[in-house]
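> Turn this into a structure:
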Amino acid sequence: MQKNIFLFFIILHSLYILAFSDNKYECDIVEGAKSFKILKETKYNLIFNAINDGNYVIIFPDYFQILEATGELHEDVDIIKESYSLVYTQKFVKGNYVILNYPLSHLIKEDTILKIRIEKTDADFKFKTIAYPILFTMAVNDCQKPTYIVAFNEDKTNNYNTYVGKVHSGEFIASYRTTEFDPDYPLDKDFKEFSLSNAVSFGSLSVNIIKLKCKEPGIISIYFQKWDFFGFTKDVDLGLSRYELIINAQFSDFQLPANAYIQIFNLVGNTSIDLTRIGGKRYDNDFYTKIYLSSNYLNGNYEIPVSNLTETAITLKIFNVGESTAKIAKEKENIFALKNKIIIIPLKIITDKKYIKISSSKNNFYWDYHYSQVDDSNYLPSLSYRTKHYQRGRFAFIDNPYKYTKLQTNYYMFISVIHYNDEGAIFNYEYVNEKRENDNRESDNGESNNEENDINTKDIWFWIIVAAIAIVIIILILGVVICCCFCGKKRNESIININEQNIDKLVE
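Below you'll find the model as predicted:
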């Protein structure tokens, strides 16, 4: 109920902004460049209305926040947890709309003209481009259209985005845009092919655009790093190094004694990591290891030398302290999970099933692919907002990585699941060949289904009441405004009449 009250006030606030704020623009979703005047230190709500059916993309030169949208939304759009991006795409139906808040990353210091581009396209896009490092794993199974990945390079004078991809299965062609994004020209302009297995630095462009297309469908991991950096005690991180360095590791934030589970993947080049100061060994290749950290490690810095065995190295690092609390799921068995608790699905080498179907008793959850050198869940990274896929509704159909024939890596594959509903949720998974959202969960004499129907009915009535109250409040506000204007007018007329009478008396 508290959540509903909170949402009620959010709705009232949004309605007030939309009804009374002048800081907004409305625009029809039509192909071409669009311009908006943006005043300094002012944020705007930009409302885009679909006047035709079709798949459109809206491209900005800087970040915006997605506030509200209707229709069939992209999988990366998670308005509940706040979605930020440089691009917005959707399969629009006439009458759909989207509201974007801009500017986001900083307030404009002087009056300027915002110029964006709208295109009708069949391409796919990824929205996960606001944090560094950028890292996620996805399936690409439609080789008739490209997937664009867009990243913003804010500090383009000294630090450039560096990109690498790791192909697990399939075959891909990658290219990047060599010129600055210009709203007056189509998105697909001035692209140059590059090898996914090499590190590519994009230089001083403000907006970096990767175009990825498959020759054979498969699974691929995407990585962006901006600075020469190699963190160690973060749960999952991307290291980019072009020279030898010493990492000063601290463990005061952890509960010791405990085991540390460390896993390293050399994505580009090769890195030598020396863990002897914390009870480990020196490693010159991909590795995983378990190290016991006693309570003596709570104080002090511990040097970890890192040196490149090649000119440039990009390393994926996973570092966990303590035993995993994630629940391990079994196929077709119900598993209960509280808010913010992870479920791990170890994937079997099953080649004749297309999808892993995940069912939930609650709407809205998140999932992610993981790969590992070992089948121990202690070595898996946590679910990060930088990596996870958002699933609207109660069912997800995730591509089975083992259905693809051209395997490029030999890792253990996992899917992790998490939800943020206030109440616990029941999950179930199975291997299937068709996307059918039938609910096979058992209920006790229909009580669970009836309870869920009762909840849905209550929710419907709640939102009807909220809408009615909101309309009444808007009418009251408008009435007060009109009344104030009317009373003010009458008061002015009275003052004028009194003044005229006084003047007449003076004249007599």
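> Quickly list what the closest residue to residue 126 other than its chain neighbours is bridged to.
Nearest in space to residue 126, with sequence neighbours left out and distances taken as Cβ to Cβ, 6 or more residues apart in numbering, is residue 149 at 4.8 Å. C-beta here means a position set from N, CA and C on the backbone, and glycine is covered the same way. Counting by DSSP bridges, residue 149 forms beta bridges with residue 126, residue 210.
> how many other residues sit next to the residue nearest to residue 124 when sequence neighbours are not counted?
The shortest distance from residue 124 to any residue other than its chain neighbours is 4.2 Å, reached at residue 147 (Cβ to Cβ, 6+ apart). Applying other Cβ atoms under 10 Å, we find 20 other residues in the vicinity of residue 147.
> pretty sure residue 147 contacts residue 125?
Yes: the criterion here is Cβ atoms under 8 Å, and residue 147 meets it with residue 125 at 7.0 Å.
> Let me see the contact set for residue 275.
Counting by Cβ atoms under 8 Å, 6 or more residues apart in numbering, residue 275 makes contact with 262, 281-283, 289, 291, 304.
> Would you mind measuring the gap between the ends of stretch 305-323?
Using Cα to Cα, to the nearest Å, one end of stretch 305-323 lies 26 Å from the other.
> do stretch 238-258 as well
One end of stretch 238-258 to the other measures 24 Å (Cα to Cα).
> Using the record's assignment, carve this structure into domains.
As assigned by automatic domain parsing, the chain contains the domains 24-121, 236-321, 327-441.
> what's the closest of those to residue 476?
Of all these, domain 24-121 sits nearest to residue 476, with 22.3 Å by Cβ to Cβ.
> End to end on the closest one, go ahead and measure it.
End-to-end span of domain 24-121 (Cα to Cα): 26 Å.
> Quick one: distance of that domain to the chain centre.
Distance of domain 24-121 from the chain centroid (Cα atoms, centre = their mean, to the nearest Å) equals 16 Å.
> Same question for stretch 232-252.
Relative to its chain's centre, stretch 232-252 lies at 25 Å (Cα atoms, centre = their mean).
> try stretch 290-300
34 Å.
> Please export the C-alpha coordinates of that stretch as PDB.
Only the C-alpha atoms of stretch 290-300 are listed here, as PDB (Å, rounded to 0.1, in the frame of the first residue of the first chain):
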ATOM      1  CA  LYS A 290      40.600 -19.800  -4.300                       C
ATOM      2  CA  ILE A 291      42.600 -17.900  -1.700                       C
ATOM      3  CA  TYR A 292      42.000 -17.900   2.100                       C
ATOM      4  CA  LEU A 293      42.100 -14.400   3.500                       C
ATOM      5  CA  SER A 294      42.600 -14.400   7.300                       C
ATOM      6  CA  SER A 295      41.500 -11.500   9.500                       C
ATOM      7  CA  ASN A 296      45.100 -10.200   9.400                       C
ATOM      8  CA  TYR A 297      44.300  -8.900   5.900                       C
ATOM      9  CA  LEU A 298      41.700  -6.400   7.300                       C
ATOM     10  CA  ASN A 299      44.400  -3.800   7.800                       C
ATOM     11  CA  GLY A 300      47.000  -2.500   5.300                       C
END
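> The one helix or strand residue 136 maps to - contacts with which helices or strands?
For residue 136, the host element (DSSP states H and E) is strand 134-140. Packing contacts for strand 134-140, counted by 3 or more Cβ pairs under 8 Å, 6 or more residues apart in numbering; DSSP states H and E, involve strand 218-225, strand 365-372.
> now the helices for the protein?
For the chain, helices defined by DSSP state H occupy the ranges 2-20, 447-507.
> pLDDT (mean, whole number) over the longest one?
Helix 447-507 shows a mean pLDDT of 53 in the predicted model.
> Surely residue 70 is in contact with residue 96?
Yes: Residue 70 is within contact range of residue 96, at 4.9 Å (criterion: Cβ under 8 Å).
> Show the buried residues in the contacts of residue 275.
Listed as buried from the contacts of residue 275 are 262, 283, 289, 291, 304; burial here means 16 or more other Cβ atoms under 10 Å.
> Turn these into CSV, including pLDDT and distance to residue 37.
Below are the buried ones among the contacts of residue 275 laid out as CSV (pLDDT from 0 to 100; distance: Cβ to Cβ, whole Å):
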residue, pLDDT, distance to residue 37
262, 96, 53
283, 94, 57
289, 97, 58
291, 97, 58
304, 92, 52
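> Go through stretch 91-109 and flag the buried ones.
Across stretch 91-109, burial judged by 16+ other Cβ under 10 Å covers 92, 96, 98-104, 108.
> The residue lying closest to residue 71 once chain neighbours are set aside and residue 49, how far apart?
In space, and not counting its chain neighbours, residue 71 is closest to residue 96: 3.6 Å by Cβ to Cβ, 6+ apart. Distance, residue 96 to residue 49, by Cβ to Cβ, to the nearest Å: 8 Å.
> Near residue 115, how many other residues are there?
Residues near residue 115, counting by other Cβ under 10 Å: 14.
> I'd guessed it sits against residue 33; true?
Yes: contact criterion Cβ under 8 Å: residue 115 and residue 33 qualify, at 6.0 Å.
> got any ranges where the stretch 101-250 of the chain has weak pLDDT?
By pLDDT under 70, the weakly predicted segments of the stretch 101-250 of the chain are 105-107, 128-131, 155-159, 227-229.
> And the stretch 301-450 of the chain, by the same measure?
Residues of the stretch 301-450 of the chain meeting the criterion pLDDT under 70: 384-387, 439-450.
> Strands along that one, start to end?
For the stretch 301-450 of the chain, the strands defined by DSSP state E, counting those that start in this stretch cover 302-308, 313-321, 327-328, 335-337, 343-346, 355-360, 365-372, 389-391, 395-399, 412-418, 425-432.
> Format the helices and strands packed on strand 134-140 as a markdown table; extra columns: mean neighbour count and distance to residue 332.
Shown next, in a markdown table, are the helices and strands packed on strand 134-140 (neighbours: other Cβ atoms under 10 Å; distance: least, Cβ to Cβ, whole Å):
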| stretch | mean neighbour count | distance to residue 332 |
| --- | --- | --- |
| strand 218-225 | 23 | 24 |
| strand 365-372 | 22 | 18 |
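> Same list, those, but as JSON lines with distance to residue 212 please.
Below are the helices and strands packed on strand 134-140 laid out as JSON lines (distance: least, Cβ to Cβ, whole Å):
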{"stretch": "strand 218-225", "distance to residue 212": "7"}
{"stretch": "strand 365-372", "distance to residue 212": "16"}
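> Among those, which comes closest to residue 25?
Among the helices and strands packed on strand 134-140, strand 218-225 comes nearest to residue 25, with 31.0 Å by Cβ to Cβ.
> Can you spell out which helices and strands pack onto the closest one?
Applying 3+ Cβ pairs under 8 Å, 6+ apart, we find strand 218-225 packed against strand 134-140, strand 162-167, strand 171-177, strand 236-241, strand 313-321.
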